[in-house]
Each structure stands twice: as C-alpha cells, then as structure tokens.
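J.: Sequence isn't available, so here's the structure alone:
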C-alpha cells in the first residue's frame, strides 16, 4: 500500500517525517497523514516523492511489499527492471494496463524471491 511504501522508503533514506516534509514543502502532519492512510499525496506530490526516493510512481503505488532486508540498491534495480518492460505484449497483442500490472506484480515477487536466495548464498 502507498502509506506503507512512503514510510518504508523514508526510513530507508534515514529521514524523519519532518525532514521529508521539508524536502516536499509540506507539513510534517501531511507526511504523517500519508503514512497512516488518512490522506494520499496528489499526483504532483507523488511525482516529487518518486523523484526524492529515486523510484517510479508505479513502484510507489504497487501493492507488493518490500522485504525488510531489501537495500536501496535492490529497490532501484527492481524499479529499473520493471520500467524496461514498458511495451509488453503476449501473442502479438499489446497487454492492457491491468495485465501489465499483473505481470509486474509477478516479476516483483520473483525478483524478491531470487534476491533473497542470492543473499542467503552470500552468508
């Protein structure tokens, strides 16, 4: 969920709500409202959040949970991989936006599964 994604990314960047609020030019209460789901950022704020966190707006809006052990680099790598598949098709037919999102969700799950296996091999 968006509220969880904002909070996770803020913490991964080591920012307090007040620090993120200053970067976003909004109040700390606004950030708090976003993080508990009382309100959602408008499209302009969403774009600014994506830029600050170095992720896509699609990533912010996706429902896939980022694992606790994921690094900022892991998230950026996943985001780049998903963005590289913009023109998805199957059987010669371009996928609908809903179908593309389903494919991205599956790819996201597989990415985290494979990344977890890689990290356990490193230990």
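T.: Received the coordinates, thanks. Note that the structure is predicted; figures quoted are calculated from it, not measured. Numbers count the residues shown, from 1 in each chain.
J.: ok, residue 66 - how many residues close by?
T.: By other C-beta atoms under 10 Å, 19 other residues sit near residue 66. (Glycine included, C-beta is placed from N, CA and C.)
J.: quick one, phi/psi of residue 114?
T.: phi -70, psi -40 (degrees, to the nearest 10).
J.: Tell me the spacing between it and residue 74.
T.: In this structure, residue 114 and residue 74 are 11 Å apart, going by C-beta to C-beta, to the nearest Å.
J.: Which of those two has more residues huddled nearby?
T.: Taking other C-beta under 10 Å, residue 114 and residue 74 do not tie; residue 74 has more neighbours (18 against 10).
J.: Give me the nearest residue to the more buried one, chain neighbours excluded.
T.: Nearest non-adjacent residue to residue 74, counting by C-beta to C-beta, 6 or more residues apart in numbering: residue 115, 5.8 Å away.
J.: what's the answer for residue 88, then?
T.: residue 95 (4.6 Å).
J.: what residues are up against the one you found?
T.: Counting by C-beta atoms under 8 Å, 6 or more residues apart in numbering, residue 95 touches 88, 89, 103.
J.: What about the residues you listed, which one has the most neighbours?
T.: residue 103 leads the contacts of residue 95 on contacts (other C-beta under 10 Å) with 15 neighbours.
J.: Wait, a helix at that residue?
T.: Yes: the assignment for residue 103 is a helix, going by DSSP: H, G, I helix; E, B strand; the rest coil.
J.: I'd say it and residue 88 touch.
T.: Yes: with contact defined as C-beta atoms under 8 Å, residue 103 reaches residue 88; the gap is 6.0 Å.
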